[in-house]
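Visitor: Give me a model of this one.
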Amino acid sequence: MSRPDPVLDRLAALPVVEPTPELSASLRAAALVRLRPRRVHPVWALVVAASVVSYLGWAVQFSSSLY
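Guide: Numbers count the residues shown, from 1 in each chain. Okay, here's the model as predicted:
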């Protein structure tokens, strides 16, 4: 990376433009909506628990068969 990149140089030369308060508020509201956790269906918790238990059961069976 010893050579300067002309695209990055032109981007760095662009003037800084502050967003309008309305745009800033709408972006903040959209970001907060995306950050809030969505409700997860209870079946997914059951599926995850069953897969963990089945994997652990397989791991115990496999490791006990080694001896």
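
Visitor: For residue 25, give its distance to residue 55.
Guide: Computed with Cβ to Cβ, to the nearest Å, the distance linking residue 25 and residue 55 is 46 Å. Bear in mind the C-beta positions are built from the backbone N, C-alpha and C, glycine included.

Visitor: helix, strand or coil for residue 15?
Guide: coil (DSSP: H, G, I helix; E, B strand; the rest coil).

Visitor: Give me the residues contacting the host helix or strand of residue 24.
Guide: Element membership of residue 24 [criterion: DSSP states H and E] is helix 21-35. Applying Cβ atoms under 8 Å, 6 or more residues apart in numbering, the contact partners of helix 21-35 are residue 19.

Visitor: any idea how far it is from the chain center?
Guide: 18 Å (Cα atoms, centre = their mean, to the nearest Å).

Visitor: tell me the mean pLDDT for stretch 13-20?
Guide: Mean pLDDT, stretch 13-20: 93.

Visitor: Convert that stretch to PDB, retaining C-alpha atoms only.
Guide: The C-alpha coordinates for stretch 13-20 follow below in PDB (Å, rounded to 0.1, in the frame of the first residue of the first chain):
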ATOM      1  CA  ALA A  13     -11.100  16.000  -0.800                       C
ATOM      2  CA  LEU A  14     -14.900  16.100  -0.800                       C
ATOM      3  CA  PRO A  15     -16.400  18.700   1.500                       C
ATOM      4  CA  VAL A  16     -18.100  17.500   4.700                       C
ATOM      5  CA  VAL A  17     -21.800  18.000   4.500                       C
ATOM      6  CA  GLU A  18     -23.900  17.900   7.700                       C
ATOM      7  CA  PRO A  19     -27.300  16.100   7.400                       C
ATOM      8  CA  THR A  20     -30.400  18.100   8.000                       C
END
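
Visitor: Noted, bye for now.
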